[in-house]
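J.: this one's sequence-less:
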């Protein structure tokens with residue numbers, strides 16, 4: 001949240017709100033007051049100015065209904081203000097309709113989410129929604145991340161004409177939905193060893209290819225109302241980004257991609273695994289450069305290329321070996337006997353896992369691990385033997401001046417990049433699967449709902 005922008009937002013938005021049409025309807029009750037810990041500030045001069053310009057600007061009327069639940073124009077305008085101060089986007093007459101649409105879409109999603117959660121709570125007599133205390137804890141964490149107390153955060157919001165209750169409602173819906181999705185789908189998501197191994201194999205193979213460190217904003221054409229709307233919205237967001245709006249904040253508020261929760265951070269993307277239109281754009285960009293809108297059948301992308309690197313040519317390898325020591329010039333019969341014992345050992349081994357244990361059963365053998373090294377650092381005899389092998393495979397018996405060696409490849413990867421742990425890969429795959437299921441479920445709620453925007 002970019003608090004330095006709060007002071008200048010409300011005066012600008014007061015003018016812009018006068019240009020945004022809100023259909024007249026029956027007045028709705030004023031929002032409930034905030035808790036004692038976070039009082040709602042009185043109307044600011046900016047709010048009063050907005051009232052003077054447009055009688056509807058801060059008077060509650062119906063903006064939309066979601067299954068007969070009302071979203072008032074007051075709530076919508078409050079969400080627009082919150083959207084602006086948290087994204088860093090400066091409001092103009094041109095982007096005001098886009099801000100209104102995005103704010104309304106977010107509020108409709110939250111209404112549907114909370115309606116479903118409350119239905120389940122009533123049906124199953126369980127509690128999913130966070131308590132007021134838990135919401136205040138989330139608000140306190142947010143305030144601390146901005147180096148302030150909750151009271152100061154509330155006042156900063158008030159300076160921009162935003163009630164702390166607007167932020168509280170958003171956080172309540174986010175926490176509740178996260179809990180519900182984890183409880184509904186979390187236990188059914190199974191990330192198997194095969195998925196983890198396949199992911200690690202792709203990561204290692206990709207390390208040799210050119211890579212791009214990318215942040216993204218994706219405007220889903222279906223969600224925003226069509227391809228033309230998505231393209232127009234992308235152009236307006238690019239203009240705001242070029243004027244200094246922080247990319248992560250804009251991505252969190254406007255992007256429909258799964259990466260939105262991470263501020264649009266897609267991490268390192270690899271040549272060959274990127275959709276062709278995005279690949280073509282990235283190849284023509286320099287680090288720090290922002291793309292023009294990239295149209296795809298699903299929607300429009302905005303990319304920020306943060307860095308790029310060539311693929312690594314090094315291969316990092318971890319080995320274990322069983323050594324039968326022999327003096328240089330040992331008699332041929334000793335060499336053949338030692339070779340036979342190592343070949344017999346190789347038939348009992350299951351790669352690296354049991355090499356040391358099995359070698360300990362054979363008299364005269366020494367066994368140990370090399371640790372991870374660049375394959376270029378190995379003696380040519382060993383390097384050439386292990387280069388074509390995959391993890392778990394064994395070399396033929398190798399004869400050197402130290403004796404006879406049987407070598408197992410424990411792990412192998414391209415150098416130049418962090419190799420994620422099993423837990424990191426599992427968590428990423430779990431998060432991707434849960435995000436996909438959550439989107440599908442929310443889409444189903446939309447399809448079965450009665451939604452009317454005024």
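T.: Yep, it's here. Predicted model only: the values in this text are computed from it and were never measured.
J.: which regions of this structure sit below the pLDDT cut-off?
T.: Applying pLDDT under 70 to the chain flags the ranges 1-60, 311-313, 415-419.
J.: let's see 80
T.: Applying pLDDT under 80 to the chain picks out residues 1-60, 146, 201-209, 272-273, 310-314, 351, 413-420, 454.
J.: which parts of it belong to which domain?
T.: Following automatic domain parsing, one gets these domains for the chain: 3-189, 208-312, 315-414.
J.: nearest to residue 443, out of those?
T.: Residue 443 lies closest, by CB to CB, to one member of those: domain 208-312, at 9.1 Å. Every residue, glycine included, has its C-beta placed from N, CA and C.
J.: out of the domains of the chain, which comes closest to residue 195?
T.: Relative to residue 195, the nearest member of those by CB to CB is domain 3-189, separated by 10.8 Å.
J.: with mean neighbour count as new columns, can the domains of the chain be given to me in a markdown table?
T.: Shown next, in a markdown table, are the domains of the chain (neighbours: other CB atoms under 10 Å):
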| stretch | mean neighbour count |
| --- | --- |
| domain 3-189 | 18 |
| domain 208-312 | 18 |
| domain 315-414 | 16 |
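J.: wait, which of the ones you listed is closest to residue 438?
T.: Residue 438 sits nearest to domain 3-189 of all those, at 4.6 Å, using CB to CB.
J.: for residue 423, which of the domains of the chain is the nearest?
T.: Per CB to CB, nearest to residue 423 of these: domain 3-189, 15.1 Å.
J.: ok so, going back, as JSON lines, the domains of the chain with distance to residue 438 would be great.
T.: Formatted as JSON lines, those follow (distance: least, CB to CB, whole Å):
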{"stretch": "domain 3-189", "distance to residue 438": "5"}
{"stretch": "domain 208-312", "distance to residue 438": "9"}
{"stretch": "domain 315-414", "distance to residue 438": "32"}
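J.: so for residue 450, which of those sits nearest?
T.: Among those, the nearest to residue 450 by CB to CB is domain 3-189 (5.6 Å).
J.: next one: phi and psi at the nearest residue to residue 405 once chain neighbours are set aside?
T.: Spatial nearest neighbour of residue 405, excluding adjacent residues (CB to CB, 6 or more residues apart in numbering): residue 398 at 4.4 Å. Here is the backbone geometry of residue 398 (degrees, to the nearest 10): phi -110, psi 130.
J.: pretty sure residue 398 sits against residue 404.
T.: Yes. Using CB atoms under 8 Å, residue 398 is in contact with residue 404, at 7.0 Å.
J.: what's the spacing between residue 186 and residue 130?
T.: As for residue 186, its distance to residue 130 is 17 Å (criterion: CB to CB, to the nearest Å).
J.: can you pull the contacts of residue 171?
T.: Residue 171 makes contact with 135, 138-139, 142 under the criterion CB atoms under 8 Å, 6 or more residues apart in numbering.
J.: let's see it at 6 Å
T.: Listed by CB atoms under 6 Å, 6 or more residues apart in numbering, the contact set of residue 171 reads 135, 138.
J.: isn't there a helix covering it?
T.: Yes. Counting by DSSP: H, G, I helix; E, B strand; the rest coil, residue 171 is found in a helix.
J.: centre-most residue in the protein?
T.: Nearest to the geometric centre of the chain sits residue 259, at 3.5 Å (CA atoms, centre = their mean).
J.: which residues touch the closest residue to that residue other than its chain neighbours?
T.: In this structure, residue 259 finds its nearest non-sequential neighbour in residue 266, 5.2 Å apart by CB to CB, 6+ apart. By CB under 6 Å, 6+ apart, the contact set of residue 266 is 214, 216, 259.
J.: just checking, residue 357 is part of a helix?
T.: Yes. According to three-state DSSP, residue 357 belongs to a helix.
J.: what's the spacing between it and residue 81?
T.: Per CB to CB, residue 357 is found 66 Å from residue 81.
J.: please compute how far the lengthiest helix in the chain lies from its chain's middle.
T.: If you go by DSSP state H, the chain has its longest helix at helix 96-124. In terms of CA atoms, centre = their mean, to the nearest Å, the centre of helix 96-124 is set 21 Å apart from its chain centre.
J.: check which helices and strands it sits against.
T.: Secondary-structure packing of helix 96-124 (3 or more CB pairs under 6 Å, 6 or more residues apart in numbering; DSSP states H and E): helix 73-87, helix 164-185.
J.: so which strand or helix has residue 269?
T.: Taking DSSP states H and E as the criterion, residue 269 maps to strand 265-270.
J.: brain fart, residue 427
T.: helix 422-448.
J.: list the buried residues in that helix.
T.: 425-426, 429, 433-435, 437-438, 441-442, 445 (16 or more other CB atoms under 10 Å).
J.: parallel or antiparallel, list what pairs with the helix or strand just after that helix.
T.: Tracing the chain C-terminally past helix 422-448 and defining elements by DSSP H and E, one meets strand 451-453 next. Using DSSP bridges, strand 451-453 pairs in its sheet with strand 62-66 (antiparallel).
J.: quick one: residues in contact with the strand it pairs with.
T.: In this structure, residues lying in contact with strand 62-66 by CB under 6 Å, 6+ apart are 25, 70-71, 73, 76, 108, 111, 451-454.
J.: partners of residue 411 in the sheet?
T.: Taking DSSP bridges, one obtains residue 318 as the residues bridged to residue 411.
J.: many thanks, I have nothing further to ask.
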